[in-house]
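>>> Need coordinates for the below:
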Amino acid sequence: MDISKKPTVSYFYPIKPINIGTPMVECLNSYLKRLADAHNVKLRTLVSHIIFLHPEKRNLLSKEPQQGSFINQTSYYSMAKSTLIIAESLELLTLQKGFKYMTMLTWKEVVYSQNLYNFYKKWCPHCLDEWKKVDEEIYEPFIWYFDCATVCLKHKRKLEALCPNPKCRREQVAIRQSRGHCYACGNWLGQRGYDFSEKQYEITQRDEWINKSIGELLQVAPYIVPPTIEEISLMLEQYVTVLFQSDHRQFCKAAGIHPMTLKAIMLRKQRISLQALLSLSLYTKIPLLKLLNLSYKSSND
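Residues are numbered from 1 along each chain as shown. All right, here's what the predicted structure looks like:
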């Protein structure tokens, strides 16, 4: 199949992504799992086929000489070339829109990808139980994958990372990954399996600020013009001058970055970490979207 000719009939089942343009947007990894389940194939097999059908696959394969090495977990929601290829192919193969907004591709020019994600599964048991109770599709929100996102703001509780099954061993490998179930033992991860404690309700102002800020980034992604490193560097220069009276050391302390890192960002040689932006937003009490001074697309885009 040649998808460069823009097919008019869906090659895969036209499954709709969940909650694009909201803080609880589905991550690309979750969508691919649902699509693989619908076609009764393994996730890796599906992703390999999706990339194989893309007209630019040779450019990707030439950079990754070992067969299959270009497919890894980060390819499903990061800012890599393989992520873009998967997102572009899915739009043509399912005739659905918005797959790049289930990743951080919008921010790839300005946000440093290292330490952005936590590769251990996290979840809110209350969310899972609520979706199951009303027979909604079980999925994995993208925000649960961020390393610094640790709470569910809807239920005012910490996200879980440990299976409540006392016999579960995390080093086990599940025969088949199932949404809403433990990857290792297959146990349902809803609330009833937990001995609940008040500590799980204790979320801090920092927790709320960070989760709300990340959610807003995900929410506006479909509607903004992707920012550039030039814009972010100019923005940081302005804040160093205006808010910190040109005190670079104090700025670095507030953002949690090394002075050499700030210098590299100012010289447009390095992107900034999301954690640094969040720390700066929290320190200055300026909402992250306002801090970034984003430009929005026209209604015709």
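
>>> List the contacts of the helix or strand that contains E231.
Assessed by DSSP states H and E, E231 sits inside helix 229-242. Identification of contacts with helix 229-242 by Cβ atoms under 8 Å, 6 or more residues apart in numbering yields 109-110, 246-248, 251, 262, 265-268, 271-272, 280, 284, 291-293. Using the backbone N, CA and C atoms, a C-beta is placed for each residue, glycine as well.

>>> Would you mind checking the residues you listed for buried ones?
V110, F251, L262, I265, R271, I272, L280, L291, L292 (16 or more other Cβ atoms under 10 Å).

>>> Looking at the residues you listed, which are in strands?
Of the buried ones among the contacts of helix 229-242, the ones assigned to strands by DSSP state E are I272.

>>> Tell me the buried residues in the helix holding E231?
Here helix 229-242 shows I229, E231, I232, S233, M235, L236, Y239, V240 as buried, counting by 16+ other Cβ under 10 Å.

>>> what does stretch 211-229 give?
Across stretch 211-229, burial judged by 16+ other Cβ under 10 Å covers 211, 213-215, 217-222, 224, 226-227, 229.

>>> Restricted to helices, list those.
In helices, defined here by DSSP state H, the members of the buried residues of stretch 211-229 are N211, S213, I214, G215, L217, L218, Q219, V220, I229.

>>> sorry, back to before: export the buried ones among the contacts of helix 229-242 to TSV and append columns for pLDDT.
Putting the buried ones among the contacts of helix 229-242 into TSV (pLDDT from 0 to 100) gives the following:
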residue	pLDDT
V110	93
F251	97
L262	95
I265	94
R271	94
I272	95
L280	96
L291	94
L292	93
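
>>> In JSON lines, list the buried ones among the contacts of helix 229-242 along with distance to K6.
Listed next are the buried ones among the contacts of helix 229-242 as JSON lines, based on distance: Cβ to Cβ, whole Å:
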{"residue": "V110", "distance to K6": "30"}
{"residue": "F251", "distance to K6": "47"}
{"residue": "L262", "distance to K6": "44"}
{"residue": "I265", "distance to K6": "39"}
{"residue": "R271", "distance to K6": "32"}
{"residue": "I272", "distance to K6": "36"}
{"residue": "L280", "distance to K6": "42"}
{"residue": "L291", "distance to K6": "38"}
{"residue": "L292", "distance to K6": "33"}
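
>>> Just the closest of the buried ones among the contacts of helix 229-242 to K42, please.
Using Cβ to Cβ, R271 comes nearest to K42 of the buried ones among the contacts of helix 229-242, at 33.7 Å.

>>> Right, I'll call it a day here.
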